[in-house]
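K.L.:
Fold the following.
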Amino acid sequence: MVKMLMIIKSLLIMMCIILFAPAVDWTAGGGSGTGGAGGFNTDGNNQSGIDYGVNPVASTDTAASDAYHKKLASEPLTVSLMSYNLRVDLPQDGINRWKNRREHVAALIRLYQPDFLGQQEGLIHQVEYLGKHLPGYAWIGVGRDNGRRAGELSSIHYNTERFELVEGSDRTIWLSKTPDLPGKSWDAAYPRILTYGQFRHKETGETVFVFNTHFDHVGQTARKNSAKLILRTIKKVAGSSPYVLLGDFNVTEDNRVYRILTGGSPPMKDAFYNTETPHVGPLFTFEGFEVKSSLDKRRIDFIFVPADARVLNHAIIGHFRNGYYPSDHLPVYARVQFPTSW
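P.N.:
Below you'll find the model as predicted:
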């Protein structure tokens, strides 16, 4: 009996040696994973003579990261947009002067957090106020009077957490016979501008061109020629890349200018009519400061997108306080998705 027990004990010892020998061999030399004698070498040059490959943890992390970025790159680029005429700061506006409504304007923009905001009419102190009170945003643009700080801007504000400006891509042109020089043409009452830039999505590297403008409020010939100039500019600058056009166009959809923009080349569509979910909010963008004012209600602010882009949502934002809107225009908001074939 004693002999039998000794035999069983010997067999158990041998089995333990066989089972745990690899573990003992891997951790010999300190088991630090730094390539010591018999150690698990992460650079593939282990001294045991057996090629274990790379560190399995690192391999898993790298594979997961590659898969994540590959998935992002294969997904359509989606951007959120806002077009907002701030109303130029004028002394005669009294209670509606910029200093009395600027906090409301900034709070509204922060609430919706668009990837891109195209503002119109803002003077440099208005634009700089937004720059200080919209955390996580940067902006591009120049004044229409001299190409620097004088006059109204059509600035583009962008979310720096998600997008970065492609270096050297920002530019402003004048909607006139001499686009590279400050000035006006045709029957325009004031100089009018188009500001644009190319922006890179930080996670995927995908890019989108954003154009922002403000058409003349008097000259129909100027508006028609401005529309044609913008179409030529988009075609030349953006080519086949994703783009959006934001702005206050000072025309309604029954105007020839609207038909030029939606029926030209490149083909564009009005986000208002092409949203995949029901439009939210009022059906107009201009009413004046006072809610339920006697002014004619008109939709003259638009977001235009390429014909094959998807408009996921569209809204005209009618927030007000104490019976007054924060501007005489209502902001237009949309979420747009570009096809992966771009």
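K.L.:
tell me the strands in the stretch 201-342 of the chain, going along the chain?
P.N.:
Listed in chain order, the strands of the stretch 201-342 of the chain (DSSP state E, counting those that start in this stretch) span 207-214, 243-248, 268-270, 301-306, 310-316, 332-337.
K.L.:
Which positions within the second one qualify as buried?
P.N.:
Buried residues in strand 243-248, defined by neighbour count with 16 or more other CB atoms under 10 Å: Y243, V244, L245, L246, G247, D248. C-betas here are computed from N, CA, C, even on glycine.
K.L.:
Within the sheet, what are the partner strands of it, with directions?
P.N.:
Partners of strand 243-248 in the sheet, by DSSP bridges, are strand 207-214 (parallel), strand 301-306 (antiparallel).
K.L.:
Format those strands as CSV; extra columns: distance to P76 and mean neighbour count.
P.N.:
Listed next are those as CSV, based on distance: least, CB to CB, whole Å; neighbours: other CB atoms under 10 Å:
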stretch, distance to P76, mean neighbour count
strand 207-214, 12, 24
strand 301-306, 12, 23
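K.L.:
returning to what we had before: can you add distance to E152 and mean pLDDT and give the strands of the stretch 201-342 of the chain back as a markdown table?
P.N.:
Below are those laid out as a markdown table (distance: least, CB to CB, whole Å; pLDDT from 0 to 100):
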| stretch | distance to E152 | mean pLDDT |
| --- | --- | --- |
| strand 207-214 | 7 | 99 |
| strand 243-248 | 11 | 99 |
| strand 268-270 | 24 | 98 |
| strand 301-306 | 15 | 99 |
| strand 310-316 | 22 | 99 |
| strand 332-337 | 19 | 99 |
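K.L.:
for those, which one sits closest to P114?
P.N.:
Nearest to P114 among the strands of the stretch 201-342 of the chain is strand 332-337 (6.7 Å), distances taken as CB to CB.
K.L.:
Neighbouring strands - and their directions - for that closest one?
P.N.:
strand 78-85 (antiparallel), strand 310-316 (antiparallel).
K.L.:
OK, contacts around the closest residue to V88 other than its chain neighbours?
P.N.:
Leaving aside its sequence neighbours, V88 sits nearest to E121 (CB to CB, 6 or more residues apart in numbering; 4.4 Å). By CB atoms under 8 Å, 6 or more residues apart in numbering, the contact list for E121 reads N85, L86, R87, V88, E152, H214, D248.
K.L.:
likewise L231?
P.N.:
L231 neighbours (CB under 8 Å, 6+ apart): I260, L261, G264, S265, P266.
K.L.:
isn't the last one right up against K236?
P.N.:
No. Using CB atoms under 8 Å, P266 is not in contact with K236, being 10.4 Å away.
K.L.:
Which one's more surrounded, these two?
P.N.:
P266 (14 against 8; other CB atoms under 10 Å).
K.L.:
Could you tell me the model confidence score at the more buried one?
P.N.:
For P266, the model assigns a pLDDT of 94.
K.L.:
distance of it from A238?
P.N.:
Distance of P266 to A238, computed by CB to CB, to the nearest Å: 8 Å.
K.L.:
Need the buried residues of strand 243-248 in JSON lines (columns: distance to T204).
P.N.:
What follows is the buried residues of strand 243-248, written out as JSON lines (distance: CB to CB, whole Å):
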{"residue": "Y243", "distance to T204": "17"}
{"residue": "V244", "distance to T204": "17"}
{"residue": "L245", "distance to T204": "22"}
{"residue": "L246", "distance to T204": "22"}
{"residue": "G247", "distance to T204": "27"}
{"residue": "D248", "distance to T204": "31"}
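K.L.:
Go through those and name the one nearest G288.
P.N.:
Using CB to CB, D248 comes nearest to G288 of the buried residues of strand 243-248, at 14.2 Å.
K.L.:
What's opposite that closest one in the beta bridge?
P.N.:
Applying DSSP bridges, one finds that D248 bridges with H214, D301.
K.L.:
residues in contact with it?
P.N.:
D248 touches S83, N85, Q120, E121, T213, H214, F215, I300, D301, H329, counting by CB under 8 Å, 6+ apart.
K.L.:
which ones are touching the first one?
P.N.:
Each residue near S83 by CB under 8 Å, 6+ apart is listed here: L117, G118, Q120, N212, L246, G247, D248, D301, F302, I303, P331, V332.
K.L.:
ok, those residues vs F289, which is closest?
P.N.:
Out of those, the member with the shortest distance to F289 (by CB to CB) is P331, at 14.1 Å.
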